[in-house]
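A.B. asks: Sharing a model that was predicted from the sequence below.
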2 protein chains.
Amino acid sequence: MEPNTGEGCCASVTEAPLTEAESDELAHAFAALADPVRLRLLSLVAARGEVCSCDLEAPLGRSQPTISHHTRVLAEAGLIRGEKRGRWTWWSLVPDRLATVRRALGPV
Amino acid sequence: MEPNTGEGCCASVTEAPLTEAESDELAHAFAALADPVRLRLLSLVAARGEVCSCDLEAPLGRSQPTISHHTRVLAEAGLIRGEKRGRWTWWSLVPDRLATVRRALGPV
DNA sequence: CAGTCAGATTGACAGTTGTCAATGAAAGCT
DNA sequence: AGCTTTCATTGACAACTGTCAATCTGACTG
């Protein structure tokens, strides 16, 4: 069994004891997922493929600054990516990052 | 495509917009995973199969009340299960729960 | 029964987080 | 240039969270 160096492709909770660096990194990702508004935001982005911020306020029932806060948290965790086009910022998923986090919870 | 009722077996962020109930439930699970000490605790339990609380203080570098706090959070999220045998509480994973949370992050 | 040991609970405190109103910044329109 | 729209940033505040010292509860031991 490979030692878990903290730099590998797939740190997993169930494979080998996590290093501090790995657990910090993973905890950051899970923290981004640990809010119901952000989870619904994520599912809206997933459902529509691409969404601009202004289309999130109504379905999520939060103010514009709050939406901006949540998109930033998700983006900093690498789970979504924003692309500015004209006046709009278009948000989309980062599937690889989601897959990495998912794999951290155990064998596929 | 099935509507997401909030009572199904596998609410998923990437399948259909989450209901508020689903996102609350999921966020609770992710919040339990959103701490590096708890992630390392989880990986220790996974590595050894069964662990008693007293064996967690040293590797995690936290006091006994803090360990007790973290095991409680993980247990309330359904991710680990504690069984009292004599003076010790033995902790083990709940694989089904881990799988459910994992599946919430997308298709297998 | 008195003592010890594993673990839970309580209380306190500092640090973090979700929220919104107000403001700022950049792009497009007239 | 001036106005509007879209989003980001700042500041403030209440709520929550991780941590430990102190204490309490049970279970075993002698």
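C.D. replies: Perfect, I can see it now. Numbering: from 1, shown residues only, chains lettered A, B, ... in the order given.

A.B. asks: anything in stretch A:29-49 near DNA strand D?
C.D. replies: No. Using Cβ under 7 Å from any atom of the strand, stretch A:29-49 stays clear of DNA strand D, with a minimum separation of 8.1 Å. Using the backbone N, CA and C atoms, a C-beta is placed for each residue, glycine as well.

A.B. asks: got the residues of chain A near DNA strand C?
C.D. replies: So chain A meets DNA strand C at A:31, A:34-35, A:37, A:62-66, A:69-70, A:73, A:86-87 (Cβ under 7 Å from any atom of the strand).

A.B. asks: Helices of chain A, start to end?
C.D. replies: Secondary structure of chain A by DSSP state H: the helices cover A:20-33, A:36-48, A:57-60, A:64-76, A:95-103.

A.B. asks: Can you tell me which of those helices is packed in deepest?
C.D. replies: helix A:36-48 (a mean of 22; mean count of other Cβ atoms under 10 Å in any protein chain shown).

A.B. asks: For chain A, which residues score under the pLDDT cut-off?
C.D. replies: A:1-10, A:108 (pLDDT under 70).

A.B. asks: same thing but at 90, please
C.D. replies: For chain A, applying pLDDT under 90 flags the ranges A:1-22, A:106-108.

A.B. asks: Which residue lies nearest the spatial centre of it?
C.D. replies: Nearest residue to the geometric centre of chain A (Cα atoms, centre = their mean): A:Leu79, 2.7 Å.

A.B. asks: residues in contact with the closest residue in space to it that isn't next to it in sequence?
C.D. replies: Spatial nearest neighbour of A:Leu79, chain neighbours left out: A:Arg97 (5.5 Å); criterion: Cβ to Cβ, 6 or more residues apart in numbering or on different chains. Residues near A:Arg97 by Cβ atoms under 8 Å, 6 or more residues apart in numbering or on different chains: A:29, A:77-79.

A.B. asks: Nearest to DNA strand C among the residues you listed?
C.D. replies: Checking the contacts of A:Arg97 against DNA strand C with Cβ to the nearest atom of the strand, the nearest one is A:Ala77 at 10.7 Å.
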